[in-house]
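sequence unknown, structure follows:
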């Protein structure tokens with residue numbers, strides 16, 4: 001992939017993360033990546049194709065940081081859980097909670113209107129739940145590990161939604177602390 005195409009993807013990803021998919025116009029993307037319409041269409045057939053590429057861009061980052069970096073590490077289950085929770089907060093510290101989760105934002109905005117977006121995002125969330133369920137098995141045993149993983153992911157994503165709505169990162173920090181207390185510190 002050419003450096004210019006990567007630059008367009010990064011610029012568009014940032015715009016869509018902060019503004020949303022629909023409100024981000026092609027002209028915004030061209031301005032942010034310093035290209036003309038012809039150059040855009042050289043790399044992408046449509047804004048939709050770029051949007052799906054952005055999902056893949058975030059998926060690669062997520063795979064590297066969350067799946068490989070945390071869940072597939074040699075750390076203990078407790079440390080994997082703690083690292084995942086820290087990762088969830090640290091991702092949002094730079095924006096102070098203003099932008100939310102790239103996948104959550106796109107899921108809310110696009111799932112009802114575009115099946116391919118919905119399925120790509122569902123796959124990523126399923127991967128998160130799958131790997132977290134293995135951590136929960138190690139922490140709590142096999143019974144209800146999948147259910148617990150779904151609940152934790154829903155709590156984190158719900159916390160991110162409220163954090164974004166209130167523009168207050170302390171909401172997500174409170175949710176993360178509640179997860180710690182419920183799943184890591186139980187019985188202490």
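Sure thing, it's come through. Here the structure is a predicted model, which is why all the values come from computation and not from measurement.

residue 125 and residue 35, how far apart?
Here the distance between residue 125 and residue 35 works out to 32 Å (Cβ to Cβ, to the nearest Å). Where C-beta positions appear, they are placed from N, C-alpha and C, glycine not excepted.

quick one: pLDDT of residue 187?
Turning to residue 187, the model gives it a pLDDT of 43.

now do residue 96
For residue 96, the pLDDT comes out at 74.

so what's it up against?
For residue 96, the residues meeting the contact criterion (Cβ atoms under 8 Å, 6 or more residues apart in numbering) are 167, 169.

how about a cut-off of 6 Å?
Contacts were defined as Cβ atoms under 6 Å, 6 or more residues apart in numbering; by that measure residue 96 touches residue 169.

does it sit in a helix, a strand or a coil?
Assigned state for residue 96: coil (three-state reduction, DSSP: H, G, I helix; E, B strand; the rest coil).

roughly how far apart are it and residue 164?
For residue 96, the distance to residue 164 (Cβ to Cβ) stands at 10 Å.

which helices and strands does the helix or strand of the chain with the lowest mean pLDDT pack with?
Of all helical and strand segments in the chain, the minimum by mean pLDDT, DSSP states H and E falls on helix 102-110, at a mean of 90. Of the remaining helices and strands, those touching helix 102-110 by 3 or more Cβ pairs under 6 Å, 6 or more residues apart in numbering; DSSP states H and E are helix 115-140.

could you say what helices and strands the helix it packs on packs with?
Secondary elements touching helix 115-140 (3+ Cβ pairs under 6 Å, 6+ apart): helix 77-93, helix 102-110, helix 145-166.

mind checking the pLDDT average for the very next helix or strand once past the longest one?
Secondary structure here is assigned by DSSP states H and E; on that basis, the next helix or strand after helix 145-166 toward the C-terminus is helix 169-183. Taken as a whole, helix 169-183 carries a mean pLDDT of 96.

what do you get for stretch 113-128?
Confidence over stretch 113-128 (mean pLDDT, whole number) is 95.
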